[in-house]
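*Asks:* give the three-dimensional model of this entry:
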Amino acid sequence: MTDLAKIPVTVITGFLGAGKTTLIRHLMANPQGKRLAVLVNEFGTVGVDGDILKSCADENCPVENIVELANGCICCTVADEFIPTIEALLALPHRPDHILIETSGLALPKPLLKAFDWPGIRSLITVDGVITLADAEAVASGHFAGELTEAQIAAGEHDTPLGEVFEDQIACADIVLLTKADLAGEAGIAAARAVIVAEAAEKGRTLPILTMSEGVIDPRVILGLKAAAEDDLAGRPSHHDGDEPHEHDDFNSVVVDLAEVESVDALTAAIVRLAREQKILRVKGYVAVKGKPMRLLVQAVGERVRSQYDRPWGTMARTSHLVVIAERGDIEEAAIRQVLGA
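*Replies:* Next comes the predicted model:
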C-alpha cells in the first residue's frame, strides 16, 4: 500500500448478539498478511467485546490497535469520538492496512457512513464494505417483526424499535451473513433468507446472503470488496434520511454488580427467566464463580445463554458485572437485580 492509497475500512454491523465479535476474532486470526486495527463500540457502560478482542491481540493486530468506545452509539458521537479515534489509528507508528469497525448492536450504519466524508479523513480512508450479520434463528422466528403497541401506533410509528434497527442494517449492507446457521437448521436458514430477500427488495436492493457458524468464513469473501460505500449513500435508504433524529431512547441498559456466584446453572436459569418475564434482549459480562480461579464469560441472546471460562483472574479483582439490555419499557431495574440476586 502506498502512502497515497486510502486505507480500507470494513463496517461490521448487526443486532445485539448476532456474532460480530466472534467474526472479528476469526478475521484477526486470519488477517491475510494484513496489519489490522479494530474499533469496537459498546452500547452499555461496561466494555465486554473490546476486552475479548484484546485477549486475541497479536503482532498482526497489537493491543494498541484495538480501541473501544463504550456507553453510546458510534453513529451518534461522530465528531466527539469516532473522528478522533480514526485519526489516532491513522497516526500509529505502523499504520494499519485495514480497519475493522464493530458497531453497537443498536447502531444504524448509514449515519456512520456519512462520517467518512469528514474533511480530515475522507482522503485517507474508504468504506471497503458494510457487512451485516443477522442471527438466522432470530430472523426466522419473527423476532424483528413484532407488533406495534397502541402507544406506538398513536404516536404515528410504523415499525417496532427492533424492526427499525433490523431494516436499516439490512438496507445498508453490501453482504448479509446469516449467523448461527448450525442452530437454525435448513428450514430456519431458508425462512431467514426469505425475510431478508423480501426486506432488501422493498428497498430496491439485491444482496448476497451467506451462511456462517461460529464466526468462520473465508476472509477473502468479505474483505477487499472495494464498495466505496460512502459514495453510495442514496442507494442505502434509512428510517432517518429525513429530519427525524437518530436516538436510542427506545432501548436502555442496566449494569448489575454481583457477588461471587455459587452456581452457574442457577445464574443461567435466572437469565432465561429475565428473557421470558421481562423480554430482556441481551445479557453479557464477566462473573466470578466461587471456588473457580478462572473468569466466567457470559453471553446471552434472549433465552439462549452461553458461558465459558475465558482466563484466570490473576491479579484482577474478582468482580462480577453483567450488562442487561432491553427496550426501555421492559427495563425494570429493581426486578432485574432481584432475579439475578444482586
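
*Asks:* any idea how the chain splits into domains?
*Replies:* Domain assignment for the chain by automatic domain parsing gives 7-235, 251-340.

*Asks:* hey, least reliable of those by pLDDT?
*Replies:* Confidence, taken as mean pLDDT, is least for domain 7-235 of those (a mean of 86).

*Asks:* for that domain, what is the distance to the chain centroid?
*Replies:* Put simply, domain 7-235 sits 6 Å off its chain's centre (CA atoms, centre = their mean, to the nearest Å).

*Asks:* likewise for stretch 330-342?
*Replies:* Mean C-alpha position of stretch 330-342 versus that of the full chain (CA atoms, centre = their mean) differs by 24 Å.

*Asks:* what sits up against that stretch?
*Replies:* With CB atoms under 8 Å, 6 or more residues apart in numbering as the test, stretch 330-342 has contacts from 252-254, 256-259, 267, 270-271, 273-274, 277-280, 322, 324. The way it works is simple: take the backbone N, C-alpha and C, and place the C-beta from them, glycine included.

*Asks:* which residues sit against the helix or strand hosting Ala326?
*Replies:* Taking DSSP states H and E as the criterion, Ala326 maps to strand 320-327. The contact list for strand 320-327, computed with CB under 8 Å, 6+ apart, reads 16, 43-46, 48, 105-106, 161-162, 250-261, 274, 278-288, 298, 331, 336, 340.

*Asks:* then that strand to CSV, C-alphas only?
*Replies:* Output of strand 320-327 as CSV, limited to C-alpha atoms (Å, rounded to 0.1, in the frame of the first residue of the first chain):
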residue,chain,number,x,y,z
SER,A,320,-18.8,-9.6,38.5
HIS,A,321,-20.6,-7.3,36.1
LEU,A,322,-23.4,-8.1,33.8
VAL,A,323,-24.8,-5.7,31.2
VAL,A,324,-28.6,-6.2,30.7
ILE,A,325,-30.2,-4.6,27.6
ALA,A,326,-33.8,-4.3,26.7
GLU,A,327,-36.4,-2.0,25.2
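
*Asks:* what is the subsequent helix or strand relative to that strand?
*Replies:* For strand 320-327, the following helix or strand on the C-terminal side (DSSP H and E) is helix 333-340.

*Asks:* what angle sits between that next one and strand 320-327?
*Replies:* 130 degrees (axes from the mean of the first three to the mean of the last three CA atoms, to 10 degrees).

*Asks:* list the buried residues of helix 333-340.
*Replies:* Using 16 or more other CB atoms under 10 Å as the test for burial, helix 333-340 gives Ile336, Val339, Leu340.

*Asks:* tell me what the closest residue in space to Gly285 that isn't next to it in sequence is bridged to.
*Replies:* Sequence neighbours aside, Leu322 is the residue nearest to Gly285 in space, at 3.9 Å (criterion: CB to CB, 6 or more residues apart in numbering). Note on Leu322: beta-bridge partners Val256, Gly285, judged by DSSP bridges.

*Asks:* what are the ranges of the strands in the stretch 101-250 of the chain?
*Replies:* Using DSSP state E, counting those that start in this stretch, the strands of the stretch 101-250 of the chain run over 125-135, 175-179, 209-211.

*Asks:* tabulate the ones you listed (a markdown table), appending mean neighbour count and distance to Lys226.
*Replies:* A markdown table is the format used below for the strands of the stretch 101-250 of the chain (neighbours: other CB atoms under 10 Å; distance: least, CB to CB, whole Å):
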| stretch | mean neighbour count | distance to Lys226 |
| --- | --- | --- |
| strand 125-135 | 25 | 6 |
| strand 175-179 | 25 | 13 |
| strand 209-211 | 18 | 18 |
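
*Asks:* out of those, the one nearest Gln308 is which?
*Replies:* Closest approach to Gln308 among the strands of the stretch 101-250 of the chain (CB to CB): strand 175-179, 17.9 Å.

*Asks:* hang on, the earlier thing: quick one: closest of the strands of the stretch 101-250 of the chain to Val305.
*Replies:* Go through the strands of the stretch 101-250 of the chain one by one with CB to CB and the one that ends up closest to Val305 is strand 125-135, at 14.4 Å.

*Asks:* quick one, that closest one and strand 175-179 angle?
*Replies:* Using the same axes, to 10 degrees: strand 125-135 against strand 175-179 is 30 degrees.

*Asks:* hmm, back to that, whichever of the contacts of strand 320-327 end up buried, select them in ChimeraX.
*Replies:* Here is the ChimeraX command that selects the buried residues among the contacts of strand 320-327 (16+ other CB under 10 Å):
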select :16,43,44,46,48,105,106,161,162,250,251,252,253,254,256,258,261,274,278,280,281,282,283,284,285,286,287,288,298,331,336,340
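
*Asks:* helices - which of the contacts of strand 320-327 land there?
*Replies:* Pro161, Leu162, Leu274, Gln278, Ile336, Leu340 (DSSP state H).
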